[in-house]
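1. Provided below are the primary sequence and the corresponding predicted coordinates.
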Amino acid sequence: MMSTVFSTLSLNLNDPLPSFAISELTDWALITMVGNDKKSYLHGQVTCDVVALTQGEITFGGHCDAKGKLWSIFQLFHHNDGYALFQRKSAIETELTEIKKYAVFSKVDIEISNEVLLGLTGAAAEEWINEQTDSQESVRTCNFGTFAKIGKLQWLLVTTSEHKDTLMSSLTQAALCDESLWELYTIQQAHPQIDAALSNEHIPQALNLQAIDGISFKKGCYTGQETVARAKYRGMNKRAMYLVAGQSEQAPVAGDAIERSVGDNWRKGGTIVSSFRYQDGHTLALAILPNDLDSDTQFKLQDAIWEKMPLPYSLDDE
């Protein structure tokens with residue numbers, strides 16, 4: 001098996017992103033679910049509507065404990081003869097234990113997939129994917145696996161190591177880079193994720209899951225539903241996830257604290273979800289912050305002043 005080098009892309013803030021890049025997503029993983037009861041079992045566990053999910057669709061979702069605190073955030077799609085839940089690897093062992101908790105009573109097999117996960121990004125990547133499949137849907141099967149549209153110009157390919165080698169030798173037009181580029185796309189779209197440092201800490205609305213269609217308020221019961229519904233209908237949620245930017249010496253990591261200004265003082269303001277640092281030190285991050293801060297609130301991280309940036313979607317309830 002050949003060894004492919006996915007090197008770090010040297011990017012400054014205003015540099016164009018590659019029109020076709022491939023990254024191996026070693027910080028991400030899939031939980032797969034097969035068996036006769038897979039749909040009903042999963043539907044009773046997670047925030048999204050599993051029953052309504054068609055073969056060609058993908059949806060965000062969350063899996064909570066009984067108090068509504070998130071074990072994981074994932075993107076769910078049909079894969080092989082079951083479902084795949086695409087999520088961060090650092091929290092996946094905990095999530096596997098939690099989501100399997102009641103599976104002994106159902107005909108369902110749940111495990112962590114050992115397939116290869118490739119991230120394909122850029123406009124030319126999307127054109128190439130369109131040439132490989134007849135479908136225009138967000139989830140497509142092809143000779144070498146399953147394509148799932150994770151975000152704008154951002155596709156996941158679930159494949160095997162043999163197919164990966166064949167693809168790598170044929171796709172000479174693609175830049176091979178490490179998964180920090182994938183993280184940049186994810187942050188620019190303000191897509192939430194749960195790493196181990198954030199596991200079992202926050203309700204779904206604190207990570208904007210309702211704003212990206214990751215919560216169904218019409219489906220029946222699921223674990224943690226009461227808390228999630230209360231946060232919506234009684235306005236009990238006090239946090240949201242925001243895009244922030246500033247200079248950093250090192251990219252902050254999930255769980256790092258960000259401070260906020262209170263008069264002339266600084267106090268802990270929130271928690272970093274994910275970040276991307278450009279070569280010139282400019283850094284973009286997603287952070288969970290109070291959702292009632294004044295517009296002139298300043299933020300501080302690693303002794304530098306940071307600012308809140310506009311989100312690419314609305315947090316207002318319809």
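-> On my side now, so go ahead. From a predicted model like this one, the values you see are computed outputs, not experimental measurements. Numbering: from 1, shown residues only.
2. Break this structure into its domains for me.
-> If the domains of the chain are taken from automatic domain parsing, they occupy 21-188, 238-309, with pieces of a single domain joined by a plus sign.
3. could you dump the ones you listed to TSV with mean pLDDT and distance to Arg230?
-> For every residue, glycine as well, the C-beta is placed using N, CA and C. Shown next, in TSV, are the domains of the chain (pLDDT from 0 to 100; distance: least, CB to CB, whole Å):
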stretch	mean pLDDT	distance to Arg230
domain 21-188	96	8
domain 238-309	94	12
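4. Name the SS class of Ala231, please.
-> For Ala231, the assignment made with DSSP: H, G, I helix; E, B strand; the rest coil gives helix.
5. Just give the nearest non-adjacent residue to it, would you?
-> Asn237 (4.0 Å; CB to CB, 6 or more residues apart in numbering).
6. burial of that neighbour, as a residue count?
-> By other CB atoms under 10 Å, the residues close to Asn237 number 18.
7. In this structure it contacts Leu207, no?
-> No: counting by CB atoms under 8 Å, Asn237 stays clear of Leu207, with 10.5 Å between them.
8. measure stretch 116-125 end to end?
-> This stretch, stretch 116-125, spans 18 Å end to end (CA to CA, to the nearest Å).
9. now swap in stretch 170-189 and tell me
-> Distance between the two ends of stretch 170-189: 30 Å, counting by CA to CA.
10. So which residues make contact with it?
-> The contact list for stretch 170-189, computed with CB atoms under 8 Å, 6 or more residues apart in numbering, reads 4-9, 11, 17-18, 20-28, 119-121, 124-125, 128, 150-154, 168, 193, 243, 274-276, 284-286, 312.
11. Just the buried ones out of these, please.
-> Burial of these was assessed by neighbour count (16 or more other CB atoms under 10 Å); the buried members are 6, 9, 11, 17-18, 20-25, 27-28, 119-121, 124-125, 128, 150-151, 153-154, 168, 193, 243, 274-276, 284-286.
12. Name the residues of stretch 162-175 that come out as buried.
-> Using 16+ other CB under 10 Å as the burial criterion, the residues of stretch 162-175 that qualify are 163-164, 167-168, 174-175.
13. Quick check: end-to-end length of stretch 36-51?
-> End-to-end distance for stretch 36-51, by CA to CA: 14 Å.
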